[in-house]
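J.: Give me a model of this one.
(one chain, ligands or ions: 1)
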Amino acid sequence: MLRAKMSIATLGGTLSMQRTTPGAGITPVLGGEALLASTPALKELADVHVESLSLLPSASMDFDFLLTVLSWAKRQVAQGAQGVVITQGTDTLEETATFFEYLWDLDQPLVLTGAMRGADQPGADGRANVLDACRVALSEDSAKRGVLVVMNAEIHQALTVRKTHSLALQAFASPNVGPAGMIIEHRVHFSRPAAARKTVPWPVRTTQKVALLEAVLSADTTLVEQLVPLGYEGLVIAGFGAGHVSEQWSTVLEPIAAQMPIIVSTRCGAGSTASDTYGFKGGEIDLINKGLHMGGCLCPRKARILLWLLIGSDSAHELSRFV
Ligand code: ASP
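T.: Okay, here's the model as predicted:
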């Protein structure tokens, strides 16, 4: 019988970290070969090809590098991989997943995972997460679901998942909708069908700057006013409540919205922006009338990635198709 083929790329993160000097902190040192050697069960699942693409803490990856990773993943599918798994640090996993989701136009699953405990810590979760991620990548039920995140036996969709705890094993959640599925006794179970997805064309440039600013109490407007002179081409605001800013911000944002796309998402961590509830200056009705877009359920970090990709592919005029 023909064995299934799959590929794994390792990028770094806690999953690849251990202590190299007694008393020092953990750092990324373990690449793909080490992962394969320490997880013999991987070879029982499929014909596994592993590559180490970096050994970085995930905060230090950038969009240009992620495009390289994505090209690598697409090549794996072109060469016959049934699914692809990427391991990386959990700190930016929700952003990477979003970036990949908007560009992944294949039916095969692309699955991201990481670890909350270093490889040499008691109860390290990395190997279990990788095995679960591979099971998901190999499952027929994962087709046409785009990019998935597998952590702690849960399967999350890229556009909803967030890191909601800094150190706990159960660090990932999808606030408005819950996980899309689970891994139970090594088997993959989805609790809802695959939904329609929207992808963005591959960026033609990567130099565009998109700011993310949080609305906070008694904030001045200096940074907002400097965005155009500093060369920013887009802005995301993590707004108060259902997508609100102060009166002062509302005033300065009006002329800026005529020059660049602005998305207002909620800073609450769950829920959606409103569209026709609040009538005060700085409320969503005022901001929409001034040309700002409401982010809906898309969290501010994910909205920034969407906007960066749309601007980079000359598709910013398509923004209202997405939020
Ligand atoms: N704490 C992070 C992790 O869980 C470090 C990183 O994101 O690289 O992997």
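
J.: so what's His165 closest to, chain neighbours aside?
T.: Sequence neighbours aside, Ala171 is the residue nearest to His165 in space, at 4.3 Å (criterion: C-beta to C-beta, 6 or more residues apart in numbering). Every C-beta, even on glycine, is put in place using the N, C-alpha and C of the backbone.

J.: And Ala81, by the same measure?
T.: Ser7 (4.5 Å).

J.: any idea how far that neighbour lies from Phe240?
T.: Counting by C-beta to C-beta, to the nearest Å, the gap from Ser7 to Phe240 is 43 Å.

J.: between these two, who's got more neighbours?
T.: Ser7 (25 against 20; other C-beta atoms under 10 Å).

J.: Direction included, what does the helix or strand where Val264 lies pair up with?
T.: Here Val264, judged by DSSP states H and E, is contained in strand 262-266. Using DSSP bridges, the strands paired with strand 262-266 are strand 234-239 (parallel), strand 293-294 (parallel).

J.: Contacts made by the next helix or strand after the shortest one with the rest, please.
T.: Reading on from strand 293-294 to the C-terminus, the next helix or strand found by DSSP H and E is helix 300-312. With contact meaning C-beta atoms under 8 Å, 6 or more residues apart in numbering, helix 300-312 is reached by 63, 94-95, 98-99, 102-103, 159, 200, 203-206, 208, 210-212, 214, 233-234, 236-238, 261, 263, 265-267, 295, 298, 316, 318-319, 322-323.

J.: I'd like to know which of these are buried.
T.: By neighbour count, with 16 or more other C-beta atoms under 10 Å, the contacts of helix 300-312 hold 63, 94-95, 98-99, 102-103, 159, 200, 203, 208, 210-212, 233-234, 236-238, 261, 263, 265-267, 295, 298, 316, 319, 322-323 as buried.

J.: What is the burial count for the residue in the stretch 51-200 of the chain that the ligand sits nearest to?
T.: Among the residues of the stretch 51-200 of the chain, Gly89 lies closest to the ligand, at 2.1 Å counting by C-beta to the nearest ligand atom. Neighbours of Gly89 under the rule other C-beta under 10 Å: 23.

J.: residues touching Phe322, list them.
T.: With C-beta under 8 Å, 6+ apart, Phe322 has these contacts: 198, 298, 306, 310.

J.: Equivalent analysis for Ala97, please.
T.: Applying C-beta under 8 Å, 6+ apart, the residues near Ala97 are 112, 147, 149, 158, 161.

J.: got it, and Leu235?
T.: Contacts of Leu235 by C-beta under 8 Å, 6+ apart are 210-213, 224, 227, 256, 260-263.

J.: Over to Arg19?
T.: With C-beta under 8 Å, 6+ apart, Arg19 has these contacts: 25-26, 118, 120.

J.: Which among these count as buried?
T.: 26, 118.

J.: Pick out the most distant pair among the contacts of Arg19.
T.: Longest distance between any two of these is 11.9 Å, between Gly25 and Asp120; criterion C-beta to C-beta.

J.: Do I have it right that Arg197 meets Leu148?
T.: No: in this structure Arg197 lies outside contact range of Leu148 using C-beta atoms under 8 Å: 11.8 Å.

J.: Count residues in the vicinity of the residue in the stretch 201-323 of the chain positioned nearest to the ligand, would you?
T.: Taking C-beta to the nearest ligand atom, the ligand has its nearest neighbour within the stretch 201-323 of the chain at Arg301, 14.0 Å off. Neighbourhood size, Arg301 [other C-beta under 10 Å]: 17.

J.: ok, it to Arg75 distance?
T.: In terms of C-beta to C-beta, Arg301 sits 28 Å off from Arg75.

J.: Longest strand in the protein, please.
T.: strand 47-56 (DSSP state E).

J.: I am finished for the moment; much appreciated.
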